[in-house]
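Enquirer: Here is the input, now give the coordinates:
(chains A and B)
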Amino acid sequence: MTLTTFIDRLDDWINPIAVKELRQVVKSRLVTVILMVFLFLMLFVMGINLLFTQSSVGDPRGMAGGRSVFIAFQTILLPTLMLVIPIYAAARMSSERSETNVDLLFISALSPSSIILGKFVAALMIAILIFSIFAPFMLFTYLLRGVDLSMIIYVLIVDIMAMLGATIFALFLGSISCGRGLKIFVNLVGFYGVFNIWIVLMTYTNMVISGEFFGSDEWSFLVLGTVWALLECFLLYSYAIALISSPSSNRMLPVRLAQLSFWFMSILVLFVYILLSPVLGFSQVRLVIGFWFGINMFHLSIYYVIATCERTECGPRIARTIPKNQLWRTLGFLLYTGSAGGVLFTLIFMVLTLFIVFLLQYEMFGLPIKDLIDFIAIWSIIAVYTICYCQSAALIRYYFLKNQINPAYTWVLGLVLLAIGIFVPSVFAIIFNISTNYEFSMWMIPNPFIAVITIPKYGFDHIIWYLMLLFLVIWLALLALASIPWLRVQIKQFVPFTKKPILVPQWMDALPVEDADPTSIKPEGT
Amino acid sequence: MEIHIRNLVKHYTNTRAVNDISFSFGSGQIFGFIGPNGAGKSTTMRIMATLDEPTTGDVLIDGVSVVEYPEISRKKIGYVPDSLPEHSDISVHEYLDFFARAYGLKGDKRRRVVQEIEEFTNLMGIREKHINALSKGMKNRVSVARALVHDPPVLIMDEPASGLDPRARIELRELLKALAGQGKAILISSHILTELSEICSGAVFIERGKLLRAGTLDKLLADNEPYRTLVIRPISGVAALYKHLLLQPNVKGARLVEDHVEVNLEGNDQHSADLLIALVKDGFRIIEFHSQKANLEKIFMTVTRGEVQ
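Expert: Just a heads-up that it's a prediction; the model follows:
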């Protein structure tokens, strides 16, 4: 194979979106300007620090000159990777997300996953360009002393994971199709979230560089954090794919598969950590189990909201992929796009998550996690409130507002119910002149935020806890009863596609139609 | 290649955007898709392009259902939306190359196809220009070129002529004629009915999601007017011709218009030919003899009531 043939094949193999994006990047002056600015910034920071270090010759602190330079570089690199590149990626995604562009991509041979992947690869390429500027300077800090190679590698891995996470999150935000106002709001909230994570990571990496802690727990956190970041990337990638997929497609299948993979992979990593902890001396088992439980309940709660916004009718495009085999069809019901399937899928995994975390509390495992009960209770209560409000919204829409509200906007109805749950009891409390904290808390039971605060305040032996449980159990029981017809209809219609005969009107005159009997035609290649 | 739209229905939450529409067209035909704003044209076209799913009904493209086999159908469809490409920092050639890649064309074949399309759509001279620096007419050409990269036998064009200047419209018209000449089946929606009359071989009228009338132009014209209208121009003696025509069998009326006569003739092509032979035999020296083109505007005004949903 000649070099030209190889390059041609490579050219064909590269994702078309990545090729287009990189062509645009190369032509755009913005990226060139950013790279030049960073180069000069690095030179400036390095120069200033070298001048400072030179003035402190003889001072023992001069032996740690590399550390201060490295921290300065990290202060520039991390926000660039976590904020600048993701913002660029989100802007590019938003421009592609414009109605017509995505339509044109839909009807090509490109899959939604390759569109997102192409954008992601293009963002990675820009990150590599930026790394190529930073890398020589960062390596130079090693010569200035004060940082060792393991520390540099540790921080760089954290940076890369943060960049991957922030970029895929930005692509996810860029994939959301909504009005300009809502889009700006969503992006600002997302930016605020990433900004806070950046502050936490900045503080953490500075502490690591300063040598405040750097033991086996930190290495275990790096591994766990890397796995978590990769799993989150995978999950957000699946969400972004669903967001740009055609509404008539089986768009939630990749999300549920990703959710499933996230759950199983995270539990695998958790068990490996628990097994290795006595051997390698990890001391944060309680924190890790709590984090695992919290993050899974958080994802499942978010997914419950999404599930209630899914379509309740199975379109022909999905129906034609429904398996005929009963077992596979049952599995398909849980994984395919559809509100009832999504709700059942989420409930099953919420119960499994709770079951596992309770199982781990048994003494036979010898794990010091008894005091996790508060944490478990709070996350469980959040999940139950999410279920109650979202399912109520879904049922109200289904029974009373089917023709008025699109299923995709069930979350808005859920928010309205939440607002009623928060404000109406407050008004009653004011009308009845409730003054004591205790009575006020009772009135606030429908308010999930107050309920979450109440648990740590009054504990589990208090009447408010029991009243809250009673309130939620009754609500859940009513919802379960009301959901039966909703569920039954969706199960009933989840059947493989059968072609209905199409009537040909008599006046159809433009072409003879007798040779186009739709019941007898098979597509090419099938 | 035949395209059959069968009992197409599309409901949105509380709107019936398309209500039991059926029509057909085929290779080499340009069908105008005509209706007031909000009539359901774009929805129907989006369903045909596999971008939306019908509530019921189907579209069969060469026998392939767009509902059941969207992936196969997409290979047969070129879709030109009503908006023009607005990519920044990308040239015409790169844009077409990107879509050729997106349709899975590889290596030399991709390069050859893109070049052929650039030549066919007369884009060679501007292939290195950035898309956002092009005029509307040129962007329109790029849009059509993009829809052709995978050589689809069916073209669906949603308002391609809107906002174009007269030159760009003429160029687009010629391009469409050339494409139909290549055997492509074209469905085109437009508000400029006079232009559609010149290029279309058939038309579909819809209003409030319902199909009002569909068929070839001759059929539509025949349905709309009981007689065919012939335009006959002699080299001289137009007044004598007018009087003579009124005496001919099957002639139901005539009008003297400057240097020619417009005749309402009952019958088919055979009757037209008989009339021409009779006139020549009777000594009239005819230099123009043709059927009047379908007046889509007239048909449109007759069949629609200007209602939108």
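
Enquirer: For chain B, which segments count as helices?
Expert: Secondary structure of chain B (DSSP state H): helices at B:41-48, B:70-76, B:92-102, B:107-120, B:136-148, B:166-181, B:193-199, B:217-224, B:238-246, B:269-281, B:296-303.

Enquirer: before we move on, what about the stretch 151-300 of chain A?
Expert: Taking DSSP state H, counting those that start in this stretch as the test, the helices found in the stretch 151-300 of chain A are A:180-209, A:216-244, A:253-280, A:285-308.

Enquirer: So for chain B, which of those helices sits nearest?
Expert: With Cβ to the nearest Cβ as the criterion, chain B lies closest to helix A:216-244 of the helices of the stretch 151-300 of chain A, at 12.7 Å. Bear in mind the C-beta positions are built from the backbone N, C-alpha and C, glycine included.

Enquirer: close to chain B, is the closest one?
Expert: No. Judged by Cβ under 8 Å from any Cβ of the partner chain, helix A:216-244 and chain B are separated, with a smallest distance of 12.7 Å.

Enquirer: contacting residues around residue 82?
Expert: If you meant another chain, say so; for now it's chain A. Contacts of A:M82 were listed using Cβ atoms under 8 Å, 6 or more residues apart in numbering or on different chains, and they are A:162-163, A:166, A:194, A:197-198, A:201.

Enquirer: That was the other one, I meant chain B.
Expert: B:D82 sits next to B:42, B:158-160, B:162 when contact means Cβ under 8 Å, 6+ apart.

Enquirer: Could you report the neighbour count for B:M48?
Expert: B:M48 is flanked by 23 other residues according to other Cβ atoms under 10 Å in any protein chain shown.

Enquirer: residue contacts, it?
Expert: Contacts for B:M48 (Cβ under 8 Å, 6+ apart) come out as B:3, B:5, B:59, B:61, B:66, B:77, B:156, B:187.

Enquirer: What does the pLDDT read for the first one?
Expert: Residue-level confidence at B:I3 comes out at 90, pLDDT.

Enquirer: again, but for the fifth one
Expert: Per-residue confidence at B:V66 stands at 88 (pLDDT).

Enquirer: from what I can see it touches B:D52, true?
Expert: No. At 9.8 Å, B:V66 does not count as touching B:D52 under the criterion of Cβ atoms under 8 Å.

Enquirer: Between those two, tell me which one has more neighbours.
Expert: Higher neighbour count among B:V66 and B:D52: B:V66, with 26 against 22, using other Cβ under 10 Å.

Enquirer: quick one, phi psi at the nearest residue to A:F293 once chain neighbours are set aside?
Expert: Spatially, and ignoring its direct neighbours in sequence, A:F293 is nearest to A:V357 (4.7 Å; Cβ to Cβ, 6 or more residues apart in numbering or on different chains). The phi/psi pair for A:V357 (degrees, to the nearest 10) reads phi -70, psi -30.

Enquirer: Just confirm A:V357 contacts A:I289, I think it does.
Expert: Yes. Counting by Cβ under 8 Å, A:V357 does reach A:I289; the two are 6.7 Å apart.

Enquirer: I'd like the next helix or strand past the helix or strand of chain A with the lowest mean pLDDT.
Expert: Taking mean pLDDT, DSSP states H and E as the measure, helix A:99-106 is the helix or strand of chain A with the lowest mean score, a mean of 68. Downstream of helix A:99-106, the next assigned helix or strand under DSSP states H and E is helix A:112-143.

Enquirer: Who are the packing partners of that next one?
Expert: Helices and strands touching helix A:112-143, by 3 or more Cβ pairs under 8 Å, 6 or more residues apart in numbering or on different chains; DSSP states H and E, are helix A:16-27, helix A:29-55, helix A:65-79, helix A:85-97, helix A:149-175, helix A:216-244.

Enquirer: Taking the stretch 151-300 of chain B, what residue is nearest to chain A?
Expert: Nearest residue of the stretch 151-300 of chain B to chain A: B:G215, at 4.8 Å (Cβ to the nearest Cβ).

Enquirer: returning to that earlier point: name the member of the contacts of B:D82 with the most neighbours.
Expert: In terms of neighbour count, B:P160 stands highest of these at 25 neighbours, by other Cβ under 10 Å.

Enquirer: which non-adjacent residue is nearest that one?
Expert: Spatially, and ignoring its direct neighbours in sequence, B:P160 is nearest to B:V80 (5.3 Å; Cβ to Cβ, 6+ apart).

Enquirer: Could you tell me how many residues sit around the one you found?
Expert: A total of 24 residues lie near B:V80 under the criterion other Cβ under 10 Å.

Enquirer: try A:I87
Expert: 18.
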